[in-house]
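# what follows is a predicted structure for the sequence shown.
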Amino acid sequence: MKTCLVVDDSSIVRKVARRIVESLGFQVIEAEDGVEALVHCKKAMPEAILLDWNMPVMDGFQFLGTLRRMPGGDEPKVVFCTTETGIDHITKAMGGGANEYIMKPFDKDIVMAKFQEVGLIEREEETAA
Amino acid sequence: MNSPDYEYLRKLLKERSGLDLSADKQYLIESRLLPLARKGGLAGIPELVQKLQGGSSALITSVVEAMTTNETFFFRDKIPFDHFRDTIMPEVLKARASRRSVRIWCAAGSTGQEPYSLAMTLKEMGAALTGWRVEIIATDLSQEVLEKAKAGIYSQFEVQRGLPIQHLVKYFKPNGETWQINPELRAMIQHRQLNLLQDFSHLGTFDVIFCRNVLIYFDQETKINIFNRLARQIEPDGFMVLGAAETVVGLTDTFKPIADRRGLYRPNDPRVAAPIGAGAPRMVAMAGR
């Protein structure tokens, strides 16, 4: 089973994200900030990381930079999931090595679409209407 | 909902739009029409039917639009757009190299996601299309839907379903809580109101026709009729794209499926394609040439 690390300082968001990501067939690990997320990544690299931007201690963008310089840190697919919806933030995230970007609020359809986009999950059979 | 009301709505929709609801689609009627009834200050479906029977043509239009509008998203099902990029366009580029023009018809353009997805795919092809005249005609039954398509304004939810973030950054501008597709892409598309049950020969002939997930609502006879008329609007070496659950097989010989390209069809050579049923005079004339 693939593992997804959910990084967000809000326990409510983590809970919602966990439910969605688990329903997509992932095992979920949670982290409250970038530093905690790095500890998990040093132990074992997850296949996917759903990453908030604004967090105490270490924010998502700093975490991403550190992750991408770690051995094996280029492997996880990183999907930002943040209330930052400006083009400048999106461009900065993608330039910093993110694979996709979700603007909050989000739902299962969006997480699924983005995970499909980066190849974390297969596309569902095409559906009629 | 009682069955006379249901039968009345079924008949009305069949006559007005060709929409052929089977007997078990009550939930669909309720989910689409109850909000419409409430918006109009009516208590429920029976009151709505009563008002329709009173002969309100504006209300009839709203009902037909509510029932025939489909939820859609950018690059829906992805595969047809891969086929468009990898199979259709390379052939069109070769076949039309001297003319340097391509005409594409989205026959169920809805709120614009499909035609804009095609426009983005073409933009991504870059220099290969420099100097080409590209026409995308998007048609839909509903005027309301066409207005939305024309404006090209989508909610944050809509732009996150099927649209890669790089495309959002490249082809859209934020507009408050919403996102608007760039004028350059909007200018690539002509939006027109059209009922597929009516004559569409005035649109001219096309190299590519996208007709996805719209014919599924029609009965067999109507489908055959539309396929045979579509065959007259497509170039002999053109392509037609249907939804994954749709086919021409068993309905008409005017199109043939392409092996290993699900949803992709080409017109049959008119000399071998004897249209099933009546009503394709031009095909007969061509066969006699």
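That came in fine, so what should we check first? Numbering: from 1, shown residues only, chains lettered A, B, ... in the order given.
# low pLDDT regions in chain A?
Residue ranges of chain A with pLDDT under 70: A:124-129.
# residue boundaries of the strands in it?
A:3-7, A:27-31, A:48-51, A:77-82, A:100-103 (DSSP state E).
# in terms of secondary structure, what does the first one contact?
Counting contacts by 3 or more Cβ pairs under 8 Å, 6 or more residues apart in numbering or on different chains; DSSP states H and E, strand A:3-7 is packed against helix A:11-23, strand A:27-31, helix A:34-43, strand A:48-51. Where you see a C-beta, it was placed from the backbone N, CA and C, and this is true even at glycine.
# the second one too?
Counting contacts by 3+ Cβ pairs under 8 Å, 6+ apart, strand A:27-31 is packed against strand A:3-7, helix A:11-23, helix A:34-43.
# on that earlier part again, any chance of the strands of chain A in CSV, with mean neighbour count too?
Shown next, in CSV, are these (neighbours: other Cβ atoms under 10 Å in any protein chain shown):
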stretch, mean neighbour count
strand A:3-7, 25
strand A:27-31, 18
strand A:48-51, 28
strand A:77-82, 24
strand A:100-103, 24
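# hmm, back to that, highest mean neighbour count out of the helices and strands packed on strand A:3-7?
strand A:48-51 (a mean of 28; mean count of other Cβ atoms under 10 Å in any protein chain shown).
# report whether that one contacts chain B.
No. Remark: strand A:48-51 sits outside contact range of chain B, by Cβ under 8 Å from any Cβ of the partner chain, the gap being at least 13.5 Å.
# which residues are in contact with B:T68?
Applying Cβ atoms under 8 Å, 6 or more residues apart in numbering or on different chains to B:T68 gives the contacts B:13, B:17, B:19, B:141-142, B:217.
# model confidence for it, exactly?
B:T68 carries a pLDDT score of 73 in this model.
# got it, and B:D140?
For B:D140, the model assigns a pLDDT of 92.
# who in chain B is up against chain A?
Residues of chain B lying near chain A (Cβ under 8 Å from any Cβ): B:70, B:73, B:77-79, B:156-157, B:160-162, B:164-166, B:168-169, B:174, B:213, B:216-217, B:243-246, B:262-263.
# low-confidence ranges, the stretch 51-200 of chain B, go.
Checking the stretch 51-200 of chain B against pLDDT under 70 turns up B:69-71.
# and the spatially most central residue of chain B, how close does it get to chain A?
Nearest to the mean C-alpha position of chain B, by Cα atoms, centre = their mean, lies B:A108 at 1.3 Å. Computed with Cβ to the nearest Cβ, to the nearest Å, the distance linking B:A108 and chain A is 10 Å.
# which parts of the stretch 1-150 of chain B are strands?
Under the criterion DSSP state E, counting those that start in this stretch, the stretch 1-150 of chain B carries strands at the ranges B:101-106, B:133-140.
# deepest-packed of the ones you listed, please.
Greatest burial across the strands of the stretch 1-150 of chain B, using mean count of other Cβ under 10 Å, falls to strand B:101-106, with a mean of 23.
# so it versus strand B:133-140, what angle?
If you take axes from the mean of the first three to the mean of the last three Cα atoms, to 10 degrees, strand B:101-106 sits at 10 degrees to strand B:133-140.
# quick one, what contacts residue 106?
Looking at chain A here, since you left the chain open. So A:F106 contacts A:81, B:160 (Cβ under 8 Å, 6+ apart).
# wait, I meant chain B there
Applying Cβ under 8 Å, 6+ apart, the residues contacting B:C106 are B:114-115, B:118, B:136-139, B:210.
# quick one: contacts for the spatially closest residue to B:R133 that is not a sequence neighbour?
Counting by Cβ to Cβ, 6 or more residues apart in numbering or on different chains, B:R133 lies nearest to B:S101, which is 4.0 Å off, once chain neighbours are set aside. Taking Cβ under 8 Å, 6+ apart, we find B:S101 in contact with B:132-135.
# give me phi/psi at whichever residue of the stretch 1-150 of chain B sits closest to chain A?
Using Cβ to the nearest Cβ, the closest approach of the stretch 1-150 of chain B to chain A is made by B:D77 at 4.2 Å. When read as degrees, to the nearest 10, the backbone of B:D77 gives phi 70, psi -10.
# could you give the number of residues near it?
21 (other Cβ atoms under 10 Å in any protein chain shown).
# measure the spatially most central residue of chain A to B:F74 for me?
In chain A, the residue lying closest to the centroid (Cα atoms, centre = their mean) is A:L50, at 1.4 Å. Noted for A:L50: a distance of 21 Å to B:F74, by Cβ to Cβ, to the nearest Å.
# and B:F206, how many residues sit next to it?
Neighbour number of B:F206 under other Cβ under 10 Å is 22.
# quick one: contacts for it?
Counted by Cβ under 8 Å, 6+ apart, B:F206 has contacts B:103-105, B:137, B:233-235, B:238.
# which non-adjacent residue is nearest residue 93?
Looking at chain A here, since you left the chain open. Nearest to A:A93 is A:F80, by Cβ to Cβ, 6+ apart, at 5.0 Å.
# wrong one, I was asking about chain B
B:A128 (6.3 Å).
# burial count for that neighbour?
11.
# likewise B:K51?
The burial count for B:K51: 16, using other Cβ under 10 Å.
# so the residue nearest to the centre of chain A sits against A:T3, correct?
No. With contact defined as Cβ atoms under 8 Å, A:L50 does not count as touching A:T3 (11.4 Å).
# list the contacts for the residue nearest to A:A37 when sequence neighbours are not counted?
Once flanking residues are discounted, A:A37 sits nearest to A:A31: 4.0 Å by Cβ to Cβ, 6+ apart. Residues in contact with A:A31 (Cβ under 8 Å, 6+ apart) are A:5-7, A:37, A:39-40.
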